[in-house]
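[1] Predicted model follows, preceded by the sequence.
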Amino acid sequence: MARVPAAVTAAAHRLRNGARRAPRALTRHYRARRAFPEVELVPQPHPFTRALGLLCVVLLGAWLGLLIVGNVRVPVGPMDTTMTLRPSLAGGTKINVSPLGALELHSHKAPLRLDVDVDQLDPVRAEALVDHPERLSGLQEEVARDVEHGTLDLAVRSCIAVVSGATALGLAVYRRPRRALAAGGLALTLLAASGTTAFATWNPKSVLEPKFSGLLSSAPSLVGNARSIVSEFDVYQKELARLVTNVTKLYDVTSTLPVYEPDPTTIRVLHVSDIHLNPASWKIIASLVEQYAINVIVDSGDTMDHGTAAENGFLDPVEDLGAPYVWVRGNHDSRITQRYLEGMKNVHVLDDGRAVTVDGLRFAGIGDPQFTPDRTVVPGGDPAEELAGARLASALRDQRAAGTPVDVAVAHQPAAARETDGEVPLVLAGHVHHEEMEVMKYGTRLRIEGSTGGSGLRAVEGKYPDPIEASVLYFDRDTRSFQAWDEIKLGGLGQTTAEVSRHLPKENQPGATQSPTPSGTTPRTVP
């Protein structure tokens, strides 16, 4: 008789034992039902559902941990920065340089993004660089070391943050230490996997193709001419160092700015002019509105080039700039342009001396009496402008007599604006495509703005392109007096420079005597 193999015998025993245990288990189940009929047996969730719930707890807890404690303050050269890891589907690196904007680098592909916020310029370290310019040559190596140390600190802090956050949330949800520890372990595993993915997909050449936003979109010189640099492995750190170096130089102007600190109640007016159909101007204006918390935008004309109805669509972004828009007609703006703007929300068109109060300041203005978009129209010259300025001055006197004095007058051409001398504290103009500031004979301050559109298509007519210029004007909310102004100048077509400088009127400088009249003007005698 043949012997049965041992494996077959063992299998038979297991089947018999299982058959015996199954009825016993069912017997225990039915006995329990008879003994406790009022107790409902809760069905256990599906394993997939349990795993999905645990994953949600881990992700939420890890995100909360990063949000609360997952950042490090790192001194990078003369700058104080904050480094943070953030959940992201696209990954990459985002460097925020307030108030200039931000730049994004496709540095890696992982569900984590590295955020670097340039918080402020350390006065002591910056002053050391100003006093010893030779130290700038070694600044890049110093920055590279600072970035490396900051990244290591951030990695350790992030591990602690995600594990703590996931464990704490797991304990709160499941109330079981073992399940909470499992959540913390899974969070650490996911972070390690994300870090490995970021390391495997790390692209040091990403700095060669950054994406700019805010003012940085018009000032890419902050990262230098990276395309002319040999692409080595450490190009990322070197170019990040170049960024910090150049931002330091830009911020260095603050060490020589006159002392004036606008408080939250200060009225901030952004003065722009002569955009001349340059679409880049809207992005620059919107960025300035956000970064400087602008209350009112004043456009002193020549927003268009030919004033045709076909150009009207160019004006559509005006409604979304983030602040009320006060506008006067320039010699390149037609009545068609004016009517289109009059139909837009949040836009105040000034003409024929019309006055309007916007956010505490009273404005009055007049459109350019001449429409000369090209040389086919014979201009009336300064006499026509002076006549328009005289009508504006008369309207200003009427407003003052009615007890509603105007704070700021607006005209396009300086010839018209000069006729308001003595009738208003400040008058704004444009037209000449370069900025000027002067106090006229009877005390009215004339501010002429440059071209916020870099002269549009005319940018290439001269030897050098015109810069993009704008100004931020500061007013005291209680007295409505003019306090200070910032001149902002960006390189024109093909250039990559940025300058910001602050100025104070003489009457606001330390030790100056105050103006004898609230408006700062001496009303002239009108025959």
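    Sure, I can see it.

[2] ok, residue 71 - contacts?
    82, 83, 84, 154, 157 (CB atoms under 8 Å, 6 or more residues apart in numbering). In this view, the C-beta of every residue, glycine as well, is placed from N, C-alpha and C.

[3] I would like a ChimeraX command selecting only the buried ones among these, please.
    A single ChimeraX command is used to select the members of those judged buried by 16 or more other CB atoms under 10 Å:
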select :82,83,84,154,157
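
[4] and the contacts of residue 71, which of them are in strands?
    82, 83, 84 (DSSP state E).

[5] Cross-check the contact I'm expecting between the second one and residue 115.
    Yes: with contacts counted by CB atoms under 8 Å, residue 83 reaches residue 115, the gap being 7.1 Å.

[6] How about residue 355: what's its closest non-neighbour residue?
    residue 364 (4.0 Å; CB to CB, 6 or more residues apart in numbering).

[7] what lines up beside the helix or strand hosting that neighbour in the sheet?
    Assigned by DSSP states H and E, residue 364 falls within strand 361-365. Sheet pairing here is set by DSSP bridges, and for strand 361-365 it gives strand 355-358 (antiparallel), strand 408-410 (parallel).

[8] Pull out the buried residues from that strand.
    361, 362, 363, 364, 365.

[9] What is the burial count for residue 73?
    As a burial measure, residue 73 scores 12 neighbours (other CB atoms under 10 Å).

[10] you'd agree it is in a helix?
    No: membership of residue 73 in a helix is not supported by DSSP: H, G, I helix; E, B strand; the rest coil, which gives strand.

[11] Let me see the contact set for the nearest residue to it once chain neighbours are set aside.
    Closest residue to residue 73 apart from its sequence neighbours, by CB to CB, 6+ apart: residue 82 at 5.7 Å. Going by CB under 8 Å, 6+ apart, residue 82 touches 71, 72, 73, 74, 115, 116, 117, 119.

[12] are any of these buried, and which?
    The buried subset of those (16+ other CB under 10 Å) comprises 71, 72, 74, 115, 116, 117.

[13] my read: the fifth one touches residue 81, true?
    What it means is residue 116. Yes: judged on CB under 8 Å, residue 116 makes contact with residue 81 at a distance of 5.7 Å.

[14] how's this protein carved up into domains?
    50-253, 260-508 (automatic domain parsing).

[15] Tell me which of those domains sits most buried.
    domain 260-508 (a mean of 19; mean count of other CB atoms under 10 Å).

[16] mean confidence score for that one?
    The average pLDDT within domain 260-508 is 88.

[17] Please apply the same query to stretch 59-79.
    76.

[18] Ends of that stretch, what's the gap?
    33 Å (CA to CA, to the nearest Å).

[19] before we move on, what about stretch 299-319?
    14 Å.

[20] still on that earlier bit, name the nearest of the ones in strands among the contacts of residue 71 relative to residue 288.
    residue 82 (23.8 Å; CB to CB).

[21] bridging residues for that closest one?
    The partner residues for residue 82, given DSSP bridges, come to residue 73, residue 117.

[22] From residue 74, how far off is it?
    Between residue 82 and residue 74 the distance is 7 Å, computed by CB to CB, to the nearest Å.

[23] ditto for residue 185
    From residue 185 to residue 74 the distance is 29 Å (CB to CB).

[24] my guess is residue 427 meets residue 420, correct?
    Yes: if you go by CB under 8 Å, residue 427 and residue 420 touch, sitting 4.9 Å apart.

[25] what residues are shared contacts of those two?
    Joint contacts of residue 427 and residue 420 (CB under 8 Å, 6+ apart) are 409, 411, 444.

[26] Distance to residue 485 for these - can I get that in CSV?
    Shown next, in CSV, are the shared contacts of residue 427 and residue 420 (distance: CB to CB, whole Å):
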residue, distance to residue 485
409, 16
411, 18
444, 15
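
[27] List just the nearest of the residues you listed to residue 338.
    Nearest member of these to residue 338, counting by CB to CB, is residue 411, at 14.6 Å.

[28] what's near enough to touch the closest one?
    300, 328, 365-366, 368, 388-389, 392, 417, 420, 427-429.

[29] Of those residues, which belong to helices?
    Mapping the contacts of residue 411 onto helices (DSSP state H) picks out 388, 389, 392, 417.

[30] for those residues, which one is nearest residue 178?
    So of those, ranked by how close each gets to residue 178 (CB to CB), first place is residue 417, at 78.0 Å.

[31] so that closest one sits right up against residue 390, yeah?
    No: if you go by CB under 8 Å, residue 417 and residue 390 don't touch, sitting 11.7 Å apart.

[32] how near is residue 328 to residue 301?
    Taken as CB to CB, the span from residue 328 to residue 301 is 5 Å.

[33] anything in contact with each of these two?
    367, 368, 412.

[34] For the first one, list the residues it contacts.
    Same thing as residue 367. 301, 328, 329, 330, 333, 338, 350, 351, 352, 388, 412.

[35] So the fourth one versus residue 267, what's the distance?
    For residue 330, the distance to residue 267 equals 25 Å [CB to CB].

[36] what about the helices in the stretch 51-200 of the chain?
    123-131, 139-174, 177-200 (DSSP state H, counting those that start in this stretch).

[37] go on, the stretch 351-500 of the chain?
    Under DSSP H, counting those that start in this stretch, the stretch 351-500 of the chain gives helices at 382-401, 414-417.

[38] surely residue 194 meets residue 112?
    Yes: counting by CB under 8 Å, residue 112 is a contact partner of residue 194 at 5.0 Å.

[39] list the contacts for residue 55?
    residue 186.

[40] So for it, what's the pLDDT?
    80.

[41] do residue 46 as well
    67.

[42] Could you shift the numbering so residue one becomes 612, and keep it that way?
    Yep, numbering from 612; the last one is residue 657 now.

[43] if we can go back for a sec, turn the contacts of residue 1022 into JSON lines, columns for distance to residue 811.
    What follows is these, written out as JSON lines (distance: CB to CB, whole Å):
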{"residue": "911", "distance to residue 811": "55"}
{"residue": "939", "distance to residue 811": "58"}
{"residue": "976", "distance to residue 811": "61"}
{"residue": "977", "distance to residue 811": "65"}
{"residue": "979", "distance to residue 811": "62"}
{"residue": "999", "distance to residue 811": "68"}
{"residue": "1000", "distance to residue 811": "68"}
{"residue": "1003", "distance to residue 811": "67"}
{"residue": "1028", "distance to residue 811": "63"}
{"residue": "1031", "distance to residue 811": "67"}
{"residue": "1038", "distance to residue 811": "62"}
{"residue": "1039", "distance to residue 811": "56"}
{"residue": "1040", "distance to residue 811": "59"}
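
[44] OK, contacts around residue 1030?
    997, 999, 1000, 1001, 1003, 1004.

[45] run the last query once more with 6 Å
    997, 1000, 1001, 1004 (CB atoms under 6 Å, 6 or more residues apart in numbering).

[46] What separation is there between the second one and residue 1030?
    Taking CB to CB as the criterion, residue 1000 is separated from residue 1030 by 3 Å.

[47] circling back: any chance of CSV for the buried ones among the contacts of residue 693, columns distance to residue 1112?
    Listed next are the buried ones among the contacts of residue 693 as CSV, based on distance: CB to CB, whole Å:
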residue, distance to residue 1112
682, 33
683, 34
685, 30
726, 30
727, 27
728, 25
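
[48] quick check, nearest of those residues to residue 781?
    Using CB to CB, the buried ones among the contacts of residue 693 come closest to residue 781 at residue 682, 22.7 Å.

[49] hmm, back to that, list just the nearest of the shared contacts of residue 1038 and residue 1031 to residue 923.
    residue 1022 (23.0 Å).
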